[in-house]
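A.B. asks: Pasting the sequence and the predicted model now:
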Amino acid sequence: MRGMTVPSGPELLDTWEAGMAASDADRALLLHALARPSLDTSRLLSTPVGARDADLLTLRAALFGELAQVRLRCLGCPEELEFALDIRQLLTRDGPAEDADEPVEVALGEWTVRFRLPTPADLLAVGQSAPAEARSLLMERCVVTVTRDAQPATAADLPSGVQERLAEAVAQADPDADLQLDAPCPACGHHTSAVVDAASFLWAELDAWARGTLVEVHLLASTYGWTEPEVLSLSPRRRRHYLELAGHA
């Protein structure tokens, strides 16, 4: 997986605090900024969705390990599925394609369409729309040019067959934008599919870590009189040892 600088404890807590009252979209942006601190907000918002999600999952692996415990309800029976997921198996590539910012072209019959990959800015723009309307708006935003028999046309003119081919081309060009699990049930054999929301996946881990870390800060500060920065400057192993010495573990 791609190398990534692991954020410090204070940076993680600052992001967690800011994300507590944020919307899902803003929270995803905060997490991506944590993963890519060298990028400004405009660049983060213009990153293809799949590249962003790959960054978030890579950060998750760097912070909490490459294995994640996943629980799903089988859709074929009442069985609850629990298994260890290797995050590396979710990602289709080790980094964003070098030409991710370049328009992609699809030709079908008399139609030729050039489009760019959807970005978080696009998702924000269509987020409050109904699904059918959102798809149409997203297509209008991402289509760069349309021609029919070499004559200019618009995204609204595209027939359903070309729209479907366009959706397939987007999925092929940015495969990490639609990450899914396929979990077979040992009880009934049914395969349950689930979409992986990378931002929610990482946030759940960060939230659990932050709450546990604040408990440790409270206990050690109460016992030894240390400040939060002093506690956070200790490695997790040393904090655990001090908690054991103080009878808190």
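C.D. replies: Structure's in. What do you need? Just so we're clear, the structure is a prediction, and the values are computed from it rather than from any experiment.
A.B. asks: in this protein, which helix or strand is least confident?
C.D. replies: Taking mean pLDDT, DSSP states H and E as the measure, the helix or strand of the chain with the lowest value is helix 87-90, at a mean of 83.
A.B. asks: same for that helix, what does it pack against?
C.D. replies: helix 49-64 (3 or more C-beta pairs under 8 Å, 6 or more residues apart in numbering; DSSP states H and E). Where C-beta positions appear, they are placed from N, C-alpha and C, glycine not excepted.
A.B. asks: Pairing partners for the helix or strand just after the helix it packs on, with directions?
C.D. replies: For helix 49-64, the following helix or strand on the C-terminal side (DSSP states H and E) is strand 67-73. Paired strands of strand 67-73, with direction, are strand 80-86 (antiparallel) (DSSP bridges).
A.B. asks: End to end on stretch 242-249, go ahead and measure it.
C.D. replies: From its first residue to its last, stretch 242-249 covers 9 Å (C-alpha to C-alpha, to the nearest Å).
A.B. asks: List the buried residues of it.
C.D. replies: Residues Tyr242, Leu243 are the ones in stretch 242-249 that count as buried (16 or more other C-beta atoms under 10 Å).
A.B. asks: next one: it to chain centre, how far?
C.D. replies: 36 Å (C-alpha atoms, centre = their mean, to the nearest Å).
A.B. asks: quick check: mean pLDDT across that stretch?
C.D. replies: Averaged over stretch 242-249, pLDDT sits at 90.
A.B. asks: which outside residues touch the least confident helix or strand of the chain?
C.D. replies: Counting contacts by C-beta atoms under 8 Å, 6 or more residues apart in numbering, the residues outside helix 87-90 that touch it are Met1, Leu57, Thr58, Arg60, Ala61, Glu66, Leu67, Ala68, Leu179, Leu181, Val196.
A.B. asks: Distance check, the fifth one against Arg27.
C.D. replies: Meaning Ala61. Ala61 is 19 Å from Arg27, where distance means C-beta to C-beta, to the nearest Å.
A.B. asks: Just the buried residues out of the contacts of helix 87-90, in ChimeraX syntax.
C.D. replies: Remark: buried members of the contacts of helix 87-90, expressed as a ChimeraX selection using 16+ other C-beta under 10 Å:
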select :57,58,60,61,66,68,179,181,196
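A.B. asks: For the contacts of helix 87-90, give me a markdown table that also has pLDDT.
C.D. replies: Written out in a markdown table, the entries for the contacts of helix 87-90 read as follows (pLDDT from 0 to 100):
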| residue | pLDDT |
| --- | --- |
| Met1 | 46 |
| Leu57 | 93 |
| Thr58 | 92 |
| Arg60 | 94 |
| Ala61 | 91 |
| Glu66 | 91 |
| Leu67 | 90 |
| Ala68 | 88 |
| Leu179 | 88 |
| Leu181 | 86 |
| Val196 | 89 |
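A.B. asks: just checking, Ala68 touches Leu85?
C.D. replies: Yes - with the criterion set as C-beta atoms under 8 Å, Ala68 and Leu85 qualify as a contacting pair; they are 4.9 Å apart.
A.B. asks: Can you work out which residues contact both of those two?
C.D. replies: With C-beta under 8 Å, 6+ apart, Ala68 and Leu85 have no common neighbours.
A.B. asks: residues of stretch 187-199 that come out buried?
C.D. replies: Of all the residues in stretch 187-199, those buried under the rule 16+ other C-beta under 10 Å are Thr192, Val196, Ala198, Ala199.
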